[in-house]
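Colleague: Only the shape, not the letters, is given here:
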């Protein structure tokens with residue numbers, strides 16, 4: 001499957017009210033997210049970005065714990081099943097003084 005370039009995909013609902021997607025994971029928000037044309041791109045972005053949490057591609061990503069690991073695996077699978085290769089996330093360590 002060929003991936004659609006990011007700039008040709010319509011803007012998602014999440015850009016109109018970003019707080020809704022980071023503070024709650026209600027069923028209506030999930031439904032909107034799951035029908036969004038950017039869903040696969042969003043899944044890839046969530047996997048590649050550090051410190052993501054909240055609702056991404058219709059999947060709630062907790063701040064920490066096993067639920068977070070599971071959600072990120074789901075997002076990676078979702079992105080890759082639809083033609084978007086996920087790069088490994090880079091881990092940055094603070095330099096000690």
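Modeller: On my side now, so go ahead. These figures come from a predicted structure and were not determined experimentally.

Colleague: What ranges does this protein have for its strands?
Modeller: For the chain, the strands defined by DSSP state E cover 54-56, 59-61.

Colleague: What pairs with the first one, parallel or antiparallel?
Modeller: Strand 54-56 pairs in its sheet with strand 59-61 (antiparallel), by DSSP bridges.

Colleague: Rounded mean pLDDT for the partner strand, please.
Modeller: For strand 59-61, mean pLDDT is 93.

Colleague: Dump the strands of the chain to CSV, plus distance to residue 68 and mean neighbour count.
Modeller: C-beta here means a position set from N, CA and C on the backbone, and glycine is covered the same way. CSV is the format used below for those (distance: least, C-beta to C-beta, whole Å; neighbours: other C-beta atoms under 10 Å):
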stretch, distance to residue 68, mean neighbour count
strand 54-56, 11, 23
strand 59-61, 6, 21
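
Colleague: got the ones you listed as JSON lines, with distance to residue 42 columns?
Modeller: Output for the strands of the chain, formatted as JSON lines (distance: least, C-beta to C-beta, whole Å):
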{"stretch": "strand 54-56", "distance to residue 42": "6"}
{"stretch": "strand 59-61", "distance to residue 42": "9"}
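
Colleague: Quick one, which of these gets closest to residue 67.
Modeller: Between residue 67 and the strands of the chain, the tightest spacing by C-beta to C-beta is seen for strand 59-61, at 8.2 Å.

Colleague: lowest-confidence helix or strand of the protein?
Modeller: helix 18-23 (a mean of 73; mean pLDDT, DSSP states H and E).

Colleague: Would you indicate which residues of that one are buried?
Modeller: For helix 18-23, burial by neighbour count (16 or more other C-beta atoms under 10 Å) applies to 20-21.

Colleague: residues making contact with that helix?
Modeller: Counting contacts by C-beta atoms under 8 Å, 6 or more residues apart in numbering, the residues outside helix 18-23 that touch it are 14, 29, 33, 53-56.

Colleague: about what we covered before: out of the strands of the chain, flag the one nearest residue 70.
Modeller: Using C-beta to C-beta, the nearest of the strands of the chain to residue 70 is strand 59-61, at 9.3 Å.
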